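*Asks:* I need the structure of the sequence given here:
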Amino acid sequence: MHRCLSSRQSLAWPNGGGLVVAVLISVAAGIPAARAELTAGTALIEITPPAGGEIVGGFLPVPVHARCLVLDDGTTRLALVVCDLLGIHRAVSDEARRRIEARSGIAPGAVLIAATHTHSAGSALGDRIAAAGPLDPYQEQVAAAIATAVARAT
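*Replies:* Residues are numbered from 1 along each chain as shown. Take a look at the predicted model:
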């Protein structure tokens, strides 16, 4: 079970901090600047490895999270996800994108997933040499948590 916090707001493009966000997203997504409204949803979900799981730097386990921002202008939606992990294997992010598209309808190409590369957390890299293959249990947990966070942020 995932613990997840989420929120959603409407940002008016012509004023305040929403303008900066709107311009950045307009450029990144090719959205015309004339749009009237941009909605932003956020979610935070815990992705701490199970008890006994490896903590890369050998430190005591601390709660780690995936942080998600979903932006929607009424035409295009995109998701940005940052995970407190040493790294994340492409197979994990590909699986998360597949689940996101199935649950939230956001195209895989409109989802950015990154890891902070912290040495105070676990890793979802698994076998970094293998190009494909089944995900290990922790990689499955991370992919599912990312999809859940995006769904809650939409």
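
*Asks:* grab the longest helix from this protein for me.
*Replies:* helix 137-153 (DSSP state H).

*Asks:* for that helix, enumerate the helices and strands it packs against.
*Replies:* strand 4-12, strand 37-46, strand 65-72, strand 77-83, helix 90-104 (3 or more Cβ pairs under 8 Å, 6 or more residues apart in numbering; DSSP states H and E). (Glycine included, C-beta is placed from N, CA and C.)

*Asks:* need these in TSV (columns: mean neighbour count).
*Replies:* Output for the helices and strands packed on helix 137-153, formatted as TSV (neighbours: other Cβ atoms under 10 Å):
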stretch	mean neighbour count
strand 4-12	14
strand 37-46	19
strand 65-72	23
strand 77-83	23
helix 90-104	19
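
*Asks:* now render those as JSON lines, adding mean pLDDT and distance to residue 141.
*Replies:* Formatted as JSON lines, the helices and strands packed on helix 137-153 follow (pLDDT from 0 to 100; distance: least, Cβ to Cβ, whole Å):
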{"stretch": "strand 4-12", "mean pLDDT": "54", "distance to residue 141": "13"}
{"stretch": "strand 37-46", "mean pLDDT": "91", "distance to residue 141": "10"}
{"stretch": "strand 65-72", "mean pLDDT": "94", "distance to residue 141": "11"}
{"stretch": "strand 77-83", "mean pLDDT": "95", "distance to residue 141": "11"}
{"stretch": "helix 90-104", "mean pLDDT": "95", "distance to residue 141": "10"}
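
*Asks:* quick check: beta-bridge partners of the closest residue in space to residue 67 that isn't next to it in sequence?
*Replies:* In space, and not counting its chain neighbours, residue 67 is closest to residue 82: 5.1 Å by Cβ to Cβ, 6 or more residues apart in numbering. Beta-bridge pairing for residue 82 (DSSP bridges): residue 67, residue 114.

*Asks:* fine by me, we can end here.
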